[in-house]
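Chemist: task: produce atomic coordinates for the following.
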Amino acid sequence: MAEILRKETVGGVLLLIGALAALIWANTAWSDSYHALRDTTVGPAALHLDLSLGTWAADGLLAVFFFVVGVELKREFVEGSLRDLRRAAMPITAALGGMVVPALIFVVINLRGGAEALNGWAVPTATDIAFAVAILAVIGAHLPSALRTFLLTLAVVDDLLAVTVIAIFYTDELNLFYLGAALIPLLAFGFALRRGMHAWWLLVPLAAVTWWLVHESGVHATIAGVLLGFLVPVSRYVDGKKVSVAEHIEHRIRPLSAGLAVPVFAFFAAGVTVGGLTGLTEALTDTISVGVIAGLVLGKVVGIFGVSYLVARFTRAHLDDELSWVDVLGVSLLGGIGFTVSLLIGDLAYGAGTVAADHVKVAVLAGSLLSAVLASVVLTVRNRAYRRIVALEQVDDDGDGIPDVYQDR
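Modeler: Residues are numbered from 1 along each chain as shown. Model prediction:
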């Protein structure tokens, strides 16, 4: 089962199932039972952890997802595509464009709504890596591997930007004592891993204490997951042999993230009672919703594709030889799938359970669905083109063992 959960497509499917289950339940005659379940409070009050199940999913389980994100970021910066800045320049700048342009579009649309409406400027800036990569894996069997690398680099940088935004702009009060105290178990966690101590009974308590102290500091608790992930050493040498520590840790934790943490968060985050056609119309015509949808569907394409083209046009950076600009357009549309982190930012910006937060959920679902459909159309066409190329490369009419396409005519 763990091997199945490590597959990119499975994580995206479970995420979708969790969201659909919540949407269906929240819009039936039994919607009150869904809200009652989401708002059920559990946890020790003495530690200020008497939280609702919805909050536990957003603050607790999602920290596991962000831990995996932190480990991936560390690997990319040390040994992956982000190590070579010249190679990574285009997807990195594309990620920046994919954050700035959607935010600007949202702000322009909501200028008349005042400061409260503008709180959600960061909602359309995030890309859901699980959904985006899952869709690419399903429809892109013949797409070049460079396209997946471009998307992963883009999504990893996007995650880093999203984490930074949450830490800076969505922290209401900061308790420096708790934040400073969190450094003790955090550094102990990193030290233990560097010394080769991988016992769960040591690492899990250190991670839990770090999470609790960050939670008490006022910084969103998911940041603890990223910090813990950053401290996982990419590799170390044992008896002269290189051991990939980060890969081992990620291999162990990813099934928990993909199979439990993210789907359960989606289940508690996506359950908004629409209120029929009237309620859906009201939600989608709210300027906040319009800003979110326009930011995801239009802003991501303009930001990612536009910046990529400008960088290739005016700098020495260039598009990978395997890719065409139509491929980049498809990836730009995939960037508009902003599910997990977008829903989290929506609740942080407007407060979970508020009308504005519910409208954001509807908008994120609508914008992500539209982006996914458009991306699927573009990439399916490109996949067929690449499949024809592969077929031509296998033709050997003269039977000499060398494909005819590679022979001079």
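
Chemist: could you use CA atoms for every contact and neighbour count after this?
Modeler: Fine.

Chemist: how deep is the spatially closest residue to residue 259 that is not a sequence neighbour tucked in, by neighbour count?
Modeler: Leaving aside its sequence neighbours, residue 259 sits nearest to residue 5 (Cα to Cα, 6 or more residues apart in numbering; 5.9 Å). Residue 5: 19 surrounding residues under other Cα atoms under 10 Å.

Chemist: check residue 214 too.
Modeler: 26.

Chemist: distance-wise, check residue 348 relative to residue 270.
Modeler: The gap separating residue 348 from residue 270 is 14 Å, by Cα to Cα, to the nearest Å.

Chemist: more neighbours: which of those two?
Modeler: Neighbours per residue (other Cα under 10 Å) separate residue 348 from residue 270, with residue 270 holding more: 25 against 20.

Chemist: per-residue pLDDT, the more buried one?
Modeler: pLDDT, residue 270: 84.

Chemist: cool, and residue 158?
Modeler: So, for residue 158, pLDDT stands at 84.

Chemist: try the one 5 residues further on
Modeler: On pLDDT, residue 163 comes in at 80.

Chemist: the helix or strand harbouring it packs against which elements?
Modeler: Element membership of residue 163, judged by DSSP states H and E, is helix 145-169. Applying 3 or more Cα pairs under 8 Å, 6 or more residues apart in numbering; DSSP states H and E, one finds that helix 145-169 contacts helix 62-78, helix 85-109, helix 129-139, helix 222-230, helix 325-334.

Chemist: off-centre distance for the next helix or strand after it?
Modeler: Counting by DSSP H and E, the next helix or strand C-terminal to helix 145-169 is helix 176-181. Between the centre of helix 176-181 and the centre of its chain there are 28 Å (Cα atoms, centre = their mean, to the nearest Å).

Chemist: how about stretch 323-332?
Modeler: Mean-position distance between stretch 323-332 and its chain equals 20 Å (Cα atoms, centre = their mean).

Chemist: contact partners of it?
Modeler: 144, 146-147, 151, 300-301, 304-305, 374-376, 378-379, 382 (Cα atoms under 8 Å, 6 or more residues apart in numbering).

Chemist: what's the farthest-apart pair in those residues?
Modeler: In these, two members sit farther apart than any others by Cα to Cα. They are 144 and 300, at 21.9 Å.

Chemist: more neighbours: those two, which one.
Modeler: residue 300 (34 against 14).

Chemist: hang on, that one packs against residue 102?
Modeler: Yes - between residue 300 and residue 102 there is a contact under Cα atoms under 8 Å: 6.0 Å.

Chemist: so what sits against both of these two?
Modeler: Common contacts of residue 300 and residue 102 (Cα under 8 Å, 6+ apart): residue 125.

Chemist: residue ranges with poor pLDDT in the stretch 301-409 of the chain?
Modeler: Applying pLDDT under 70 to the stretch 301-409 of the chain flags residues 389-409.

Chemist: can you map out the helices along it?
Modeler: Counting by DSSP state H, counting those that start in this stretch, the stretch 301-409 of the chain has helices at residues 325-334, 340-350, 355-393.

Chemist: which one of those helices lies nearest to residue 161?
Modeler: Of all the helices of the stretch 301-409 of the chain, helix 340-350 sits nearest to residue 161, with 11.1 Å by Cα to Cα.

Chemist: how far is the closest one from where the chain is centred?
Modeler: Relative to its chain's centre, helix 340-350 lies at 12 Å (Cα atoms, centre = their mean).

Chemist: try stretch 215-235
Modeler: With Cα atoms, centre = their mean, you get 16 Å for stretch 215-235.

Chemist: and stretch 45-58, by the same measure?
Modeler: In terms of Cα atoms, centre = their mean, the centre of stretch 45-58 is found 23 Å from the chain centre.

Chemist: next, the buried residues of that stretch.
Modeler: Within stretch 45-58, the residues that count as buried by 16 or more other Cα atoms under 10 Å are 49, 51-58.

Chemist: identify the residue spatially nearest to the most centrally placed residue in the chain, adjacent ones excluded.
Modeler: Nearest to the geometric centre of the chain sits residue 128, at 3.3 Å (Cα atoms, centre = their mean). Distances taken as Cα to Cα, 6+ apart put residue 338 closest to residue 128, at 4.8 Å, once the chain neighbours are dropped.

Chemist: just to revisit the earlier point, I'd like the helices of the stretch 301-409 of the chain laid out as a markdown table, including distance to residue 115.
Modeler: What follows is the helices of the stretch 301-409 of the chain, written out as a markdown table (distance: least, Cα to Cα, whole Å):
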| stretch | distance to residue 115 |
| --- | --- |
| helix 325-334 | 29 |
| helix 340-350 | 11 |
| helix 355-393 | 13 |
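
Chemist: what sits against residue 294?
Modeler: Residues counted as contacts of residue 294 (Cα under 8 Å, 6+ apart) are 102, 105-106, 367.

Chemist: got the angle for the host helix or strand of it vs helix 85-109?
Modeler: Secondary structure from DSSP H and E places residue 294 in helix 287-294. With axes from the mean of the first three to the mean of the last three Cα atoms, to 10 degrees defining the directions, helix 287-294 sits at 150 degrees from helix 85-109.

Chemist: run the angle between helix 287-294 and helix 355-393 for me.
Modeler: Using the same axes, to 10 degrees: helix 287-294 against helix 355-393 is 10 degrees.

Chemist: tell me the mean pLDDT over helix 287-294?
Modeler: 96.

Chemist: re earlier: any idea how far residue 268 is from the residue nearest to residue 259?
Modeler: Using Cα to Cα, we find residue 5 at a distance of 20 Å from residue 268.

Chemist: one more: residue 192?
Modeler: From residue 192 to residue 268 the distance is 34 Å (Cα to Cα).

Chemist: do the same with residue 262
Modeler: Taking Cα to Cα, one finds residue 262 at 10 Å from residue 268.

Chemist: again with residue 98
Modeler: Look at residue 98 and residue 268: by Cα to Cα, they are 27 Å apart.

Chemist: more neighbours: which of the two?
Modeler: residue 98 (32 against 25).

Chemist: residues near the closest residue to that one other than its chain neighbours, how many?
Modeler: Of all residues beyond its chain neighbours, the one nearest residue 98 is residue 303 (4.3 Å), with distances taken as Cα to Cα, 6+ apart. Counted with other Cα under 10 Å, the burial measure for residue 303 works out to 24 neighbours.
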